[in-house]
Each structure stands twice: as C-alpha cells, then as structure tokens.
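Trainee: the sequence and its predicted three-dimensional model are supplied below.
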Amino acid sequence: MDTTATVETQPGVKLDPFKGVKKLPLEEFFTSGHRTCQGCESALVMKMMAKAAGPRTIVLGSTGCMYVANTTYYSTSWVIPWMHTQLGSSGSAAMGSAAGLKAQMRKGKMKKEPINVIAFCGDGGGADMGLSAISAALTHPDYNLLILMYDNESYANTDIQLSGSTPYGAHTTFSPPGATKRIMHHRWKKNMAGMLAAGHPTCRYVATMCMSYGLQGMNCVRKALSIGGPTFIHSLDPCPKGWDYDPILSHELGELAVATGIWPLYEVKDGVVTLYGKTKQLAEGQSPRLPVREYLLKQGRFAHFREEDIEYFQKKVDEMWERWLIPGVIPFVKDVEDERISA
Ligand SMILES: Cc1ncc(C[n+]2csc(CCOP(=O)(O)OP(=O)(O)O)c2C)c(N)n1
Ligand code: SF4
Ligand SMILES: [Mg+2]
C-alpha cells in the first residue's frame, strides 16, 4: 500500500494516511477500562481504529466481545460516543445513524460538519447474522459509513461457537474433535471481503487488514472514511482464548496468517484490486510463502490435526494462490478453453 499518497476525500473530510509510527497522534479514543482477555487483538483493532478515525467519530457496536467487554457495568473504554446495536444489525445501525446525521444537518438542527460513522461487528454478527443488513448498507451511495468486521473466527463472547468464518477443522465448542470423528468442521472460511467487493459496485472501498501490521491497518481505516459512501473492512484478529495459544503470540500469529498466504491483504478501490504489504511481496515472489503448519501448530484449536489434515489445508491455500482468478480475492477459476475468459 502506498502510505504516502493523499486519498480522495468526502466533502470536508481530510484523513491523509499516517506517514509512520512516529507521526501518530498521542490522543487515544479507546483507552483503559475494558475487560478483554490479555493479548486480545480485537481490542487493539478498536484502539487503532479509533485513533485513525479521530475525535469526530461515532462508533456503533453489535453484540459480541467488543461490545460486552468494552462496556461492562457502567464503565467503558470509549472516549468517543458509542452505541450498542443488536447482533445482526451493524449495517442497519450504520445506515440509520449516517442518514439521521445527514437529515439533522440538512434541517439545521446540527452544525454541518463531517462526522465519521463506524459500525463494527464480529464475524458471527457480520459474516453470518448481519450479512443482509451489511449488503443493504453497501448498496446506498448516499451515506458515508464504514462497517468494520473484526474476525476472531468464532462466536467468542458466548464461548467459542463456530461461525461461517471459522477455519476448516478448528476445535470450537460446536466442533470438538473426538476419538471416532477427528475433524468436526468441514466447511471452508467464508470470503467476506471478496464477496462484498464483487457484489456491491456502489461500495467504493473494501479492504482486508490485520493489526499485526498496525500502520497499514490504520491507513485502511482512514482511506475508508475519506472516500465517501458506504465502505467495508474485514480484519483478521488472533484471539488467545478461542484459538488457544499463549497471549504473547498474538502479534506473531497475525503475521503468520499473512506470511502463509492464509490471510491475503488487499484493497478494492473503485473496482481496482491492489494487493499490499507482505501479500504483495508474496505475490511478486520477493518473499516465500511459508507452510501453513507454522501457523496451525502454534494454536491449540488445531492440536488434533494429523499430517493429512495439514496437507489438506495447505492444498486449499495453494489453490487460492495458484488457481483463483485473482489470487486470494476472487475464487473463480478461468475456463482455459473459453477464449472470452482466458484472453
Ligand atoms: C439475536 C441474538 N442471538 C444471540 C445472541 C447471543 N450472543 C451474544 S454475543 C454472541 C457472539 C457474537 O459473535 P461475534 O459476532 O463473532 O462476536 P465475538 O463475540 O466473537 O466478538 C452471541 C451469539 C444475541 N445477543 N442476540
Ligand atoms: S475471547 Fe477473544 S475476542 Fe473475546 S475478549 Fe478474549 S481474546 Fe478478545
Ligand atoms: Mg467472533
């Protein structure tokens, strides 16, 4: 990602990319007082997201760890205005709030100024239950909003049930490996960002990110908020409790998810796909793609994997890189005999 380019702005909003960690503002808008687990990367995403967005921001959080653990017993770590919204409704909450602000300003009941509206949701609330509301929000070009899906790959808050975002074979409370049946979860992870980008041409910015690459992640948030209209970011967040590892490994696991090619980093801006950061290096052959075992075997949720399970996982990731129409993004395979497609 070009972290120096000035991005297009919605009227009055100027959130240029941060040019380095030393240039970050010191102010925090998500601070102490939360009760997330030690090493929780989703909490880090909230902190960096708020820092990137700045003080004129409203956050709307659907039920899940990032709502519950951040607003316990009349205390909160949010310094900016926040509101809870129902588990499947980040899309409707974002659109309603953005539309409400617009109407209030039009009627002269509020000062006219750009206010960022960010609705966050977990993978359960976003990739499963709230998918239709997110889709609806992304079809409305008239409202400026960002929906950020923090993906800890389970319904974590209710004790790690599997979601449409849980990786193949992972041990969750809904898919415990047993003596008779080792792999209880056979589905492949949903491709949220690719699906939303491909299906919503009105949405001008879709990105994936991982806060192990903090500056890149914060600049994704700033781009999304600057470009105008509805936007979407999918963040992969290591979760020590659900993934079953020592919290000290959180940062490293985020890096490994990207370095193994399991989690590609990309942006789709006005229909143009750009791979960025480590993913770009992998795609250009500047850095070798690491074997998935390096990522899988550091996590207790894959401790029951045998060699054949690791091989299957590797095969699926290789397929994504070697056969997909756009590696890691669009899972169609070209029909080599059809000249219209292979041309
Ligand atoms: C309609 C509805 N069904 C079930 C619940 C119970 N519930 C609260 S949080 C949660 C898990 C949400 O998972 P996710 O969106 O992935 O967020 P995470 O907890 O992982 O941060 C569930 C099932 C609820 N609050 N509302
Ligand atoms: S269960 Fe996971 S997502 Fe929830 S607070 Fe703990 S580390 Fe964070
Ligand atoms: Mg979750």
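Mentor: Structure's in. What do you need? Residues are numbered from 1 along each chain as shown. Ligands and ions are numbered 1, 2, ... in the order given.

Trainee: let me know how buried the closest residue to residue 161 other than its chain neighbours is, in neighbour terms.
Mentor: Counting by C-beta to C-beta, 6 or more residues apart in numbering, the nearest residue to residue 161 once its immediate chain neighbours are dropped is residue 155, at 4.1 Å. All C-beta atoms are positioned from the backbone trio N, CA, C, and that covers glycine. By the measure other C-beta atoms under 10 Å, the count of residues near residue 155 is 27.

Trainee: cool, the one 10 residues further on as well?
Mentor: Using other C-beta under 10 Å, residue 165 has 23 other residues around it.

Trainee: with adjacent residues omitted, what lies nearest to it?
Mentor: Distances taken as C-beta to C-beta, 6+ apart put residue 123 closest to residue 165, at 3.6 Å, once the chain neighbours are dropped.

Trainee: over to residue 328?
Mentor: For residue 328, ignoring the flanking residues on the chain, the nearest one in space by C-beta to C-beta, 6+ apart is residue 264 at 3.1 Å.

Trainee: now do residue 116
Mentor: Closest residue to residue 116 in three dimensions, ignoring its sequence neighbours and counting by C-beta to C-beta, 6+ apart: residue 57, at 4.1 Å.

Trainee: same question, residue 299
Mentor: Closest residue to residue 299 in three dimensions, ignoring its sequence neighbours and counting by C-beta to C-beta, 6+ apart: residue 243, at 4.7 Å.

Trainee: pretty sure the one you found sits against residue 254.
Mentor: No: judged on C-beta atoms under 8 Å, residue 243 makes no contact with residue 254 at a distance of 11.0 Å.

Trainee: now residue 152: how far from ligand 2?
Mentor: Spatial separation of residue 152 from ligand 2 under the definition C-beta to the nearest ligand atom, to the nearest Å is 4 Å.

Trainee: what sits against that residue?
Mentor: Contacts for residue 152 (C-beta atoms under 8 Å, 6 or more residues apart in numbering) come out as 41-42, 65, 122-123, 237-239, 242-243.

Trainee: what about 6 Å?
Mentor: 42, 237, 239, 242 (C-beta atoms under 6 Å, 6 or more residues apart in numbering).

Trainee: now it: how far from residue 76?
Mentor: To residue 76, residue 152 is 20 Å away according to C-beta to C-beta, to the nearest Å.

Trainee: quick check, residue 331 in a strand?
Mentor: Yes: in this structure, residue 331 lies within a strand as judged by DSSP: H, G, I helix; E, B strand; the rest coil.

Trainee: per-residue confidence at it?
Mentor: What the model reports for residue 331 is a pLDDT of 84.

Trainee: turn the contacts of residue 152 into JSON lines, including pLDDT, neighbour count and distance to residue 290.
Mentor: Listed next are these as JSON lines, based on pLDDT from 0 to 100; neighbours: other C-beta atoms under 10 Å; distance: C-beta to C-beta, whole Å:
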{"residue": "42", "pLDDT": "98", "neighbour count": "25", "distance to residue 290": "24"}
{"residue": "237", "pLDDT": "98", "neighbour count": "31", "distance to residue 290": "20"}
{"residue": "239", "pLDDT": "98", "neighbour count": "27", "distance to residue 290": "21"}
{"residue": "242", "pLDDT": "98", "neighbour count": "28", "distance to residue 290": "22"}
